[in-house]
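> After the sequence you'll find the predicted model.
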Amino acid sequence: NAVAVAELTVGLMLGLARRIPAAHGMIRGGEWRSAVDNLTTWQGIELSGRTAGLVGCGATGREVARRLAAFEMKVLAFDPYVADHPQTVANVPVDFASLDDLLSRSDFVSIHAAVTSQSRGLLGRDELARMKRQAFLVNTARAALVDEQALLDALRAGRIAGAAVDVHRVEPLPPGSPWLALDNV
C-alpha cells in the first residue's frame with residue numbers, strides 16, 4: 001500500500017498547508033469569512049519551494065518523494081538503513097541528512113519508518129523542539145514512533161504549526177480525545 005499511503009501523505013500536507021480542514025469546519029459551522037477579511041486565519045502556504053523531510057526512505061518514503069517532486073519541493077531523508085545514501089531516490093534528487101539536520105531544515109516532516117527497538121519514540125520532546133515553529137509533522141506510519149504527549153504539548157504551545165496524524169495509540173479516538181480539540185491538527 002505504499003502508493004496509497006504516499007497519496008494520503010501528500011493530501012495531508014496539502015490540507016495542512018492550505019488549512020483545508022479549518023475552512024471546512026468553518027463552513028460546516030455556518031460561518032463564512034473570506035481570505036481578504038481575515039488573512040491571519042486563512043493565509044496558507046504553497047508546497048513549491050518548501051523542504052520536506054522524510055523519516056524513512058523505504059517503499060512509502062520513495063513514493064512520497066516521487067510525488068513531492070511534482071510540487072517542486074526539496075526532499076531531505078533520514079534513514080539509518082540506507083547505507084549508500086544515493087543522490088536520487090525513485091529518480092528524485094534527495095539529500096540524506098542526520099535526523100537533527102532534517103528536523104531543523106524541514107517545513108514538513110513526514111514519518112515513514114517501521115517500529116523497532118531503536119525507532120520507538122524516535123520523535124520526542126527534544127526532537128520536536130528542533131523543528132521550525134512554522135513546520136508541520138505528518139505521521140502516516142505508526143503511533144509508537146512519536147511521543148504523543150510531547151506532540152500534543154508542542155501543538156498546544158505553538159512550537160510547531162500543525163500536524164496530520166493518521167495513527168494513534170488508541171483507535172478510534174474516543175470522543176473526549178485531546179486531539180479533537182486542536183485546530184492545528
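Ah, there it is.
> any idea of the mean pLDDT in stretch 132-143?
Mean per-residue pLDDT for stretch 132-143: 98.
> List the buried residues for stretch 48-58?
Neighbour-count burial for stretch 48-58 flags 50, 51, 52, 53, 54, 55, 56, 57, 58 (criterion: 16 or more other Cβ atoms under 10 Å). All C-beta atoms are positioned from the backbone trio N, CA, C, and that covers glycine.
> before we move on, what about stretch 21-37?
For stretch 21-37, burial by neighbour count (16+ other Cβ under 10 Å) applies to 21, 22, 23, 26.
> mind checking the backbone torsions on residue 93?
Reported as degrees, to the nearest 10, the phi and psi values for residue 93 are phi -60, psi 130.
> Does it touch residue 76 like I think?
No - taking contacts as Cβ atoms under 8 Å, residue 93 lies outside contact range of residue 76: 10.5 Å.
> okay, and the helix or strand of the chain with the least pLDDT?
The helix or strand of the chain with the poorest confidence is helix 39-42; it has a mean of 59 (mean pLDDT, DSSP states H and E).
> Check for me that residue 76 belongs to a helix.
No - using DSSP: H, G, I helix; E, B strand; the rest coil, the assignment for residue 76 is strand, not a helix.
> check contacts around it.
By Cβ atoms under 8 Å, 6 or more residues apart in numbering, the contact set of residue 76 is 51, 52, 53, 54, 94, 95, 96, 97, 101, 102, 105, 106.
> just checking, which of those residues belong to strands?
Per DSSP state E, strands hold the following members of those: 51, 52, 53, 54, 94, 95, 96.
> For residue 183, the count of nearby residues, please.
Residues near residue 183, counting by other Cβ atoms under 10 Å, number 11.
> which helix of this protein spans the most residues?
helix 2-18 (DSSP state H).
> What's the first helix or strand after the helix or strand containing residue 154?
Using DSSP states H and E, residue 154 maps to helix 148-157. Going down the chain from helix 148-157, the next helix or strand is strand 162-165, by DSSP H and E.
> Just send the buried residues of stretch 48-58 back as TSV, with pLDDT and distance to residue 154 too.
Formatted as TSV, these follow (pLDDT from 0 to 100; distance: Cβ to Cβ, whole Å):
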residue	pLDDT	distance to residue 154
50	98	19
51	98	19
52	98	19
53	98	16
54	98	20
55	98	16
56	96	20
57	94	24
58	92	26
